[in-house]
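Student: Fold the following.
(one chain, ligands or ions: 2)
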Amino acid sequence: MKRISLTQHLIEQQRLHNSIPSELRLLIEVVGRACKTISHAVGKGALGEVLGSAESENVQGEVQKKLDIISNEILLEANEWGGHLAAMASEEMESIHPIPNRYPQGEYLLLFDPLDGSSNIDVNVSIGTIFSVLKAPEGMAAPTEQDFMQAGRRQVAAGYAVYGPQTMLVLTTGNGVHCFTLDREMGAWVLTQADMQIPAETKEFSINASNMRHWFPPVTRYVDEMLEGCTGPLKKDFNMRWVASMVADVHRILSRGGIFMYPADSRDLSMPGKLRLMYEANPMAMIVEQAGGAATDGKQSILDITPHKLHQRVPVFLGSKSEVERITRYHTE
Ligand code: AHM
Ligand code: MG
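Tutor: Ligands and ions are numbered 1, 2, ... in the order given. Sure thing, here's the model as predicted:
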């Protein structure tokens, strides 16, 4: 196999599509390096004393794990000094993190969920990092939260790393979705799948079914129909998978199709779903659309939502196009 490194891939993409200026390439490479460091920490487990709770809470009231905090620190430190960013924002920080004055300011904004799937850390199940890159608005002086309030459609890059049996980096800069595997001996990202495509049809769905009694009618109807299998209206049997790490569920869908759902439900009407728009749903939606799939909140493409706050939550339906279109249609019927 001819080995194509992340750097070579980014340079070739720039030559082909003129879509990855060197500042953006530097940014993506730095994020890639940080993900290697996180992967290393994850792999140490109990030997690295990285497991367990940090006994603190983040802004969303979730108990932070040690690895949530470690991963956040790794991403902040790696990205602060390169001169490619104006500010960062993270699931684990209440407000944005402007680049300190001692470093030059760049023109990009970086958002991340440093360690997604936190409930899986201590049980050795796949977890990941999700990131999204926006351009700072023209003429921005000191960055504010308002500068981040851009629809997902304006992302210039998005990606995730999944820390599973293999560590992988999946990336889009708006010209397809490309997957790299970490060569652990060499410490290098090697291109292992170019132009990932999600099959349009699927027989596999992902939802946390323990919330069933709280669902709204369109979701109940859809899941009931899938469970009826080949004798029901959808005329085929479905299989179900739920990892409880969005990265792992999305990676499976990217590899072999499927539909992933984290709907809003009746538990707390002020909280539309569990997942966060800006650093979970938006980057995953860009990846899924770039791979020929679809991603909606039940009404519109996730990428068309204009955010109004950093930690905003959103219902998520994403994956194989025909099934995402079906559940979106059920919301209007
Ligand atoms: P996290 O970012 O705090 O880990 O939360 C997000 C995760 C997603 O990765 C996953 O799809 C979902 O929460 C799982 O939720 P549940 O606990 O309902 O299974
Ligand atoms: Mg998360």
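Student: Asp147 versus the closest residue to ligand 1 within the chain, what's the distance?
Tutor: At 3.4 Å from ligand 1, Met246 is the closest residue in the chain, using C-beta to the nearest ligand atom. To be clear about C-beta, it is placed using only N, CA and C from the backbone, and glycine gets the same treatment. For Met246, the distance to Asp147 (C-beta to C-beta, to the nearest Å) stands at 26 Å.
Student: Which of these two has more residues huddled nearby?
Tutor: A side-by-side neighbour count of Met246 and Asp147, using other C-beta atoms under 10 Å, places Met246 first with 25 against 19.
Student: what's near enough to touch that one?
Tutor: Each residue near Met246 by C-beta atoms under 8 Å, 6 or more residues apart in numbering is listed here: 116-117, 128, 130, 260, 262, 275, 280, 284.
Student: Which pLDDT does the model give it?
Tutor: Per-residue confidence at Met246 stands at 98 (pLDDT).
Student: Return the distance of the residue of the chain closest to ligand 1 relative to Gly83.
Tutor: Distance, Met246 to Gly83, by C-beta to C-beta: 31 Å.
Student: Show me which pair in the contacts of Met246 is furthest apart.
Tutor: Gly128 and Tyr262 (15.5 Å; C-beta to C-beta).
Student: the more surrounded of those two?
Tutor: Between Gly128 and Tyr262, Gly128 has the larger neighbour count (other C-beta under 10 Å), namely 30 against 22.
Student: wait, what's in contact with the residue of the stretch 101-250 of the chain found nearest ligand 2?
Tutor: With C-beta to the ion as the measure, Asp116 is the residue of the stretch 101-250 of the chain nearest to ligand 2, at 3.5 Å. By C-beta under 8 Å, 6+ apart, the contact set of Asp116 is 127-130, 160, 245-247, 280.
Student: Just put the residues you listed in TSV and tack on secondary structure.
Tutor: TSV is the format used below for the contacts of Asp116 (DSSP: H, G, I helix; E, B strand; the rest coil):
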residue	secondary structure
Ile127	strand
Gly128	strand
Thr129	strand
Ile130	strand
Tyr160	strand
Ser245	coil
Met246	helix
Val247	helix
Glu280	helix
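Student: so which of these comes closest to Glu57?
Tutor: Glu280 (18.5 Å).
Student: My guess is the closest one contacts Ile130. True?
Tutor: Yes - if you go by C-beta atoms under 8 Å, Glu280 and Ile130 touch, sitting 5.8 Å apart.
Student: can you pull the pLDDT of Asn223?
Tutor: You called it Asn, but residue 223 is Val. Each residue has a pLDDT score; the one for Val223 is 98.
Student: beta partners for the residue of the stretch 101-250 of the chain closest to ligand 2?
Tutor: Here Asp116 sits in beta bridges with Gly128, going by DSSP bridges.
Student: Break this structure into its domains for me.
Tutor: The record's domain split for the chain, according to automatic domain parsing, is 6-193, 204-332.
Student: The longest one near ligand 1 at all?
Tutor: Yes - if you take C-beta under 6 Å from any ligand atom as the test, domain 6-193 does meet ligand 1, through 62, 91, 113, 116-119.
Student: Just the buried ones out of the residues you listed, please.
Tutor: 91, 113, 116-118 (16 or more other C-beta atoms under 10 Å).
Student: if you skip the residues just before and after it, what's nearest to His214?
Tutor: Of all residues not flanking His214 in the chain, Asp265 sits nearest, at 3.8 Å (C-beta to C-beta, 6 or more residues apart in numbering).
Student: now swap in Pro283 and tell me
Tutor: Ala158 (3.5 Å).
Student: Contact partners for that neighbour?
Tutor: Applying C-beta under 8 Å, 6+ apart, the residues near Ala158 are 131-133, 171-172, 282-284, 286-287.
Student: if we go to 7 Å?
Tutor: 131-133, 172, 283, 286-287 (C-beta atoms under 7 Å, 6 or more residues apart in numbering).
Student: swap in Met140?
Tutor: Counting by C-beta under 7 Å, 6+ apart, Met140 has contacts 86, 147.
Student: Got the confidence number for it?
Tutor: For Met140, the pLDDT comes out at 88.
Student: Could you look up the SS state of it?
Tutor: Under three-state DSSP, Met140 comes out as coil.
Student: Please report how far it lies from Met278.
Tutor: According to C-beta to C-beta, Met140 stands 17 Å off from Met278.
Student: cool, and Gly232?
Tutor: The value you get for Gly232 to Met278, if C-beta to C-beta is used, is 37 Å.
Student: Give me the more crowded residue out of these two.
Tutor: Neighbour totals were compared for Gly232 and Met278, and Met278 leads with 26 against 14 (other C-beta under 10 Å).
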